Each structure stands twice: as C-alpha cells, then as structure tokens.
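K.L.:
Got a predicted model here, sequence first, then my questions.
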Amino acid sequence: MEPSWQPGNDLEHALQTAIDDGDPRRYARLVLDATFYVPVLPDPGTPDHDEVTRQLGLAEGDVLLFTSPEVLGGFLGTFARGHDQVRFADVTAKRLIIDPGLPIGAVLPPEAVPELAEGRQDTVPMSEVRDVVRDELYTVIPMMVLDEFAGDREPRTDLPPSNALESTLAAALAGRNEDAFMQALVTGEVVVPTTRPVPVNDRPGIPPLPWRLAGTDEIPVITVFSSAAMLEEVAGKDQNHTTDLLFNVFIRWPDERHVLCFNPGAETQLVLSGTAVLEMVDVIAGELSAGGGGS
C-alpha cells in the first residue's frame, strides 16, 4: 500500500498546519510570501497548448502554482516542459490554482489573497476552499482518463444500456434519485481494467488487483466501467479486465490517495475521492455487521 501524501518542505508543512488549524488568514499570508514553481507549458495559440489546457481543464487566465518541483512533476508529468520560480507579486492571473489535488491546494483570485491575509475580506472556511479544488479536479480527472485510455480516438460514451446495472443507473439518473443511483452502483457488477489477466479464483485473502492506473503519480486514478461494452468503446478491444461487485472492488482499495472514476465521459460518470471510497466501506461493513449480529 502506497503512503498518503505528506508535506515535503517547510512551505508545505506550514500550509498544511494552516489548513489543519482552519486558519485561512495564515494560509493567505504564506501564499503572499512564498516562492512557487510555475510549469512551462506549450506556447499559447499552438495546438499543443490547446490540447494541454483542454486536458487539464484550464480556463484563460488560470495559473498553476506548485510548492515544489516534485509536486509539479507528479501532477503534470510530460505536460510540463520545465518550470520557473516566481513570487506571488510576480504572477498575473485571473485565478491561482495552487497544488491541485493535494490537501494543501486552493483555487483563489489573486486579489483575494492580500485581502484575506490582512483581514479585509471575510475569511472563507478552509473546507470551502478544499471543495473548490475538488470540483476543479473532478472536472479534469475524467478527461485525463479518457486521454489515457482512448488516445486520439473520440469514444462514444452515450451507449444504450446493455445490462441491468446500466438500465437501473439510467432510470435513477432520469429520476434524479442519487440514493438509488449509489445503491445500484455499489451493489452492481462492474468491469475493472487490469494490467494482466486476473484468475477467476483470485479472491481468497482478497489480494490487491493489478490495477490499470490512469492519472498522475500525485493523483492515481482507478477506472471502473458499467459493462464490457463501455470499456471496449473507451479503451478498445481485447483489454485485460476483471468483473466484480463494486463493493468488493472497494474492499481492495489501495488507500485514500487513489481516486475512483466510473464511466468517464458518460452521463453516468462519477468521481469519488479515495477517502469517500474508504468511508463507504466502513459504513457498509458496519451495517452488515450490525445486521448479522441480530441486534
């Protein structure tokens, strides 16, 4: 099991402490004084730049800031062609996207940073800052997965339901019934891409699956599909995979760092953090235990 992300330098430790203490003013003061790493991306107006911004979900005027070269490389991989060091005062942007995907990340308009630091703006709870980062990230993750699985192809993800799970999910979505959607999904049989064939009798001891990961080193993504037809449409024919109930997949989840992406690009698309997955395992296991105990 891979360890969760941990701060790797003084700035990251200080930002993490500010978040843990629920102190956005201190967080903003740290941002004002910090030196960040900005990725060198393809030149604006070029096809490569357009592709990178599309894959990362960046809008015009967004600037990515990272607290170390390692964090930058882990998130962007080959998208980055190098990096520059900058101070907050040197950055011109509409939005600052700081360490996306990490617990210390934030998305802030530059003008809000000094106002927060000096107490001239009502402080925003750090939970709300993290929610914005999560929403931004969950827009990017399916695009990253589709790019990795489909490459230059444009897969058709609006396939008609091909099994009971897909029919139930479509009905729940049409009825805007989130509870029915999640109940059907967690108890439904799903298709999990793997790096090699998985024996049918591999369950004893519940060993880890040979996950076919997408995403980046900092944000590893486990992709799951509602049918073999959906997997084939996205990734092509003859892909290694296994099938199991999603809850059984959750039991084998590596850690909270790994993100779930279900049916990327489809109407039934869903992204869950690893923390959410593990919390669901605890809740469901507790309910099963209580039910079995007859109490």
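P.N.:
All right, it came through fine. Source: prediction; values computed, not measured.
K.L.:
Below-threshold pLDDT in this protein: ranges please.
P.N.:
Along the chain, the parts satisfying pLDDT under 70 run over 1-4, 120-137, 200-207, 288-295.
K.L.:
Could you chop it up by domain?
P.N.:
Here the domain parsing of the chain from automatic domain parsing is 10-124, 152-293.
K.L.:
Tell me where the protein has helices.
P.N.:
10-20, 24-33, 47-56, 69-76, 112-117, 126-150, 164-174, 178-187, 228-235, 246-251, 274-293 (DSSP state H).
K.L.:
would you list these in JSON lines and tack on distance to residue 106?
P.N.:
For every residue, glycine as well, the C-beta is placed using N, CA and C. Output for those, formatted as JSON lines (distance: least, CB to CB, whole Å):
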{"stretch": "helix 10-20", "distance to residue 106": "9"}
{"stretch": "helix 24-33", "distance to residue 106": "7"}
{"stretch": "helix 47-56", "distance to residue 106": "17"}
{"stretch": "helix 69-76", "distance to residue 106": "14"}
{"stretch": "helix 112-117", "distance to residue 106": "9"}
{"stretch": "helix 126-150", "distance to residue 106": "5"}
{"stretch": "helix 164-174", "distance to residue 106": "32"}
{"stretch": "helix 178-187", "distance to residue 106": "28"}
{"stretch": "helix 228-235", "distance to residue 106": "32"}
{"stretch": "helix 246-251", "distance to residue 106": "29"}
{"stretch": "helix 274-293", "distance to residue 106": "18"}
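K.L.:
Could you export the ones you listed as JSON lines, including distance to residue 96 and mean neighbour count?
P.N.:
Formatted as JSON lines, these follow (distance: least, CB to CB, whole Å; neighbours: other CB atoms under 10 Å):
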{"stretch": "helix 10-20", "distance to residue 96": "13", "mean neighbour count": "17"}
{"stretch": "helix 24-33", "distance to residue 96": "8", "mean neighbour count": "20"}
{"stretch": "helix 47-56", "distance to residue 96": "15", "mean neighbour count": "14"}
{"stretch": "helix 69-76", "distance to residue 96": "14", "mean neighbour count": "20"}
{"stretch": "helix 112-117", "distance to residue 96": "7", "mean neighbour count": "18"}
{"stretch": "helix 126-150", "distance to residue 96": "11", "mean neighbour count": "17"}
{"stretch": "helix 164-174", "distance to residue 96": "35", "mean neighbour count": "17"}
{"stretch": "helix 178-187", "distance to residue 96": "32", "mean neighbour count": "15"}
{"stretch": "helix 228-235", "distance to residue 96": "33", "mean neighbour count": "20"}
{"stretch": "helix 246-251", "distance to residue 96": "34", "mean neighbour count": "18"}
{"stretch": "helix 274-293", "distance to residue 96": "25", "mean neighbour count": "13"}
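K.L.:
wait, which of the ones you listed is closest to residue 208?
P.N.:
Closest approach to residue 208 among those (CB to CB): helix 246-251, 10.6 Å.
K.L.:
helices or strands up against that closest one?
P.N.:
Packed against helix 246-251 by the contact rule (3 or more CB pairs under 8 Å, 6 or more residues apart in numbering; DSSP states H and E) you find helix 178-187, strand 189-193, helix 274-293.
K.L.:
could you dump the ones you listed to CSV with distance to residue 116?
P.N.:
Output for the helices and strands packed on helix 246-251, formatted as CSV (distance: least, CB to CB, whole Å):
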stretch, distance to residue 116
helix 178-187, 33
strand 189-193, 42
helix 274-293, 26
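K.L.:
so which of the ones you listed gets nearest residue 38?
P.N.:
helix 274-293 (27.8 Å).
K.L.:
what about the nearest residue to residue 41 once chain neighbours are set aside, distance to residue 250?
P.N.:
Leaving out its chain neighbours, the residue that sits closest to residue 41 by CB to CB, 6 or more residues apart in numbering is residue 52, at 5.5 Å. The gap separating residue 52 from residue 250 is 33 Å, by CB to CB, to the nearest Å.
K.L.:
Number of residues surrounding the nearest residue to residue 208 once chain neighbours are set aside?
P.N.:
With sequence-adjacent residues excluded and distances taken as CB to CB, 6+ apart, residue 208 is closest to residue 252, at 5.9 Å. Residue 252: 16 surrounding residues under other CB atoms under 10 Å.
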